[in-house]
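Visitor: Sequence first, then the predicted structure, then my questions.
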Amino acid sequence: METMQLEKKDFYFDHKFDKESCRHTLNDFQTVLHCHHYMTLTTQMAEDAEFLNGTEVLTTTMEDTIYKVLNHYYTKHNITDLWEKISIAEQYYSVCGLGQIKFNHVGEYSASVDVLHSHIDEGWIKKWSKRNKPVNYIGRGFVQAAMCLFNDKPPRSYQTEETKSIVKGDPKGEIRVWLDWE
Amino acid sequence: MHGNIDREKVINELSKIEVRGNEEGLIPGYNVLVNQLPTEFWNQFNERISTKVKPELRQEAEWLLYNCARECGYHTGYGIITSDEFKSVVGPMIKDQPEDILHGAYAVFTAWGWAKSEIVELEPGKKMVVRAYDYYESDVVKYGKSPKLSSYMIAGVSAAFMDLAYGGEYPNGFDKFECKQTKGIETGDEFAEFVVTPKDQQTNW
């Protein structure tokens, strides 16, 4: 299936550096630069922390963070149309350096997302090479947050699964999303 | 102490760099892929892991968080100090190696928002003491004092910087130094402090 192309909504990029505190903000949220070593090791640690359900912690940490970031952006810039929300979410993913995602379909009960490029997958391959298990827990958290906002639902409303994965050798990743009815 | 480094100039120059993903949504640079995430993401993950873990496993979990930053600091740190940006801004100030490179690295560390930090004591190859006066990892506390020090990232990167300076030629110098955080804003101190010494002289982890 071809990846859908969506018209792009202009992205507002407001970067500030506070000389006194030496902190950076992007669109009113404090940000920091880190590398794929940090992200891959953090992800590996989450997998190792099975007794804490570490990968769920990683996914929901990203969901909670991005929910706040996108919600603030949508409110501040009066983004109300679904196509605008989708376009901004896709661009935010890329601005953060997380890669490139495209929402193929979005509904209230489900969605499908192509992952055309992925910081964690490509970083993992760069550091350790391919493997036979998906690794994009942060991408899933990002998509879960976006879906909640697309459909005016609170965090934890959606579940996700990576059905294709760049780190496994697929040409692109795929995240399936469904409304959590349990 | 800043050696021969004009710290203010470095911070002023390098804090202006604006970063965003390319057409593939990736940020390649300094021999790594960079990401630009809200500090809240890193703080929340570290705090959820280090707080949720059973007390008998906390030290192990904290070591893993520290080690993530140590490897990051070693590889990305090398990419930074060998980058064109570092060479053009910090390079002309370097007179004493590797000490000035270390001072320059903390100016970059400050400019890029990891921590407003500086070296306050340096015995080449033996000991380094770093202070951080403002850093995102302390944001885990909004009221009162935490019972635990939480600056895993600064500690890990500080160990890595000493590895780069005195551990031997990259990439064979990793894991020669360890860092212990001795003070923290999150625990009620005025500033955070980190002591880096050769690995065989520390037993903190």
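Guide: Noted; the coordinates are in hand.
Visitor: And the strands in chain B, which stretches?
Guide: B:27-29, B:32-38, B:115-123, B:127-135, B:177-183, B:192-198 (DSSP state E).
Visitor: for chain B, longest helix please?
Guide: Determined from DSSP state H, the single longest helix within chain B is helix B:58-81.
Visitor: Could you name the helices and strands sitting against it?
Guide: Contacts defined by 3 or more CB pairs under 8 Å, 6 or more residues apart in numbering or on different chains; DSSP states H and E place helix B:58-81 against strand A:29-35, helix A:36-48, strand B:32-38, helix B:39-52, helix B:99-111, helix B:152-166. In short, each C-beta sits where N, CA and C put it, glycine included.
Visitor: Give me the neighbour count for the residue nearest to B:Arg7 when sequence neighbours are not counted.
Guide: Of all residues beyond its chain neighbours, the one nearest B:Arg7 is B:Ala107 (4.7 Å), with distances taken as CB to CB, 6 or more residues apart in numbering or on different chains. Residues lying near B:Ala107 (other CB atoms under 10 Å in any protein chain shown) number 28.
Visitor: rewinding a little: please save the CA atoms from the longest helix of chain B in PDB.
Guide: Below are the C-alpha coordinates for helix B:58-81, written out as PDB (Å, rounded to 0.1, in the frame of the first residue of the first chain):
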ATOM      1  CA  ARG B  58      17.600   0.400  43.100                       C
ATOM      2  CA  GLN B  59      21.300   0.700  42.900                       C
ATOM      3  CA  GLU B  60      21.400  -1.600  39.900                       C
ATOM      4  CA  ALA B  61      18.700   0.400  38.200                       C
ATOM      5  CA  GLU B  62      20.400   3.700  38.900                       C
ATOM      6  CA  TRP B  63      23.700   2.200  37.600                       C
ATOM      7  CA  LEU B  64      21.900   1.400  34.300                       C
ATOM      8  CA  LEU B  65      20.500   4.900  34.000                       C
ATOM      9  CA  TYR B  66      24.000   6.300  34.700                       C
ATOM     10  CA  ASN B  67      25.600   3.900  32.200                       C
ATOM     11  CA  CYS B  68      23.200   5.100  29.400                       C
ATOM     12  CA  ALA B  69      24.600   8.600  29.800                       C
ATOM     13  CA  ARG B  70      28.200   7.300  30.100                       C
ATOM     14  CA  GLU B  71      28.100   5.600  26.700                       C
ATOM     15  CA  CYS B  72      26.300   8.500  25.200                       C
ATOM     16  CA  GLY B  73      28.800  11.000  26.700                       C
ATOM     17  CA  TYR B  74      31.800   8.900  25.400                       C
ATOM     18  CA  HIS B  75      30.700   8.600  21.800                       C
ATOM     19  CA  THR B  76      28.800  11.800  21.400                       C
ATOM     20  CA  GLY B  77      31.500  13.700  23.400                       C
ATOM     21  CA  TYR B  78      34.100  12.400  21.000                       C
ATOM     22  CA  GLY B  79      32.000  13.500  18.100                       C
ATOM     23  CA  ILE B  80      31.600  16.900  19.600                       C
ATOM     24  CA  ILE B  81      35.200  17.600  20.400                       C
END
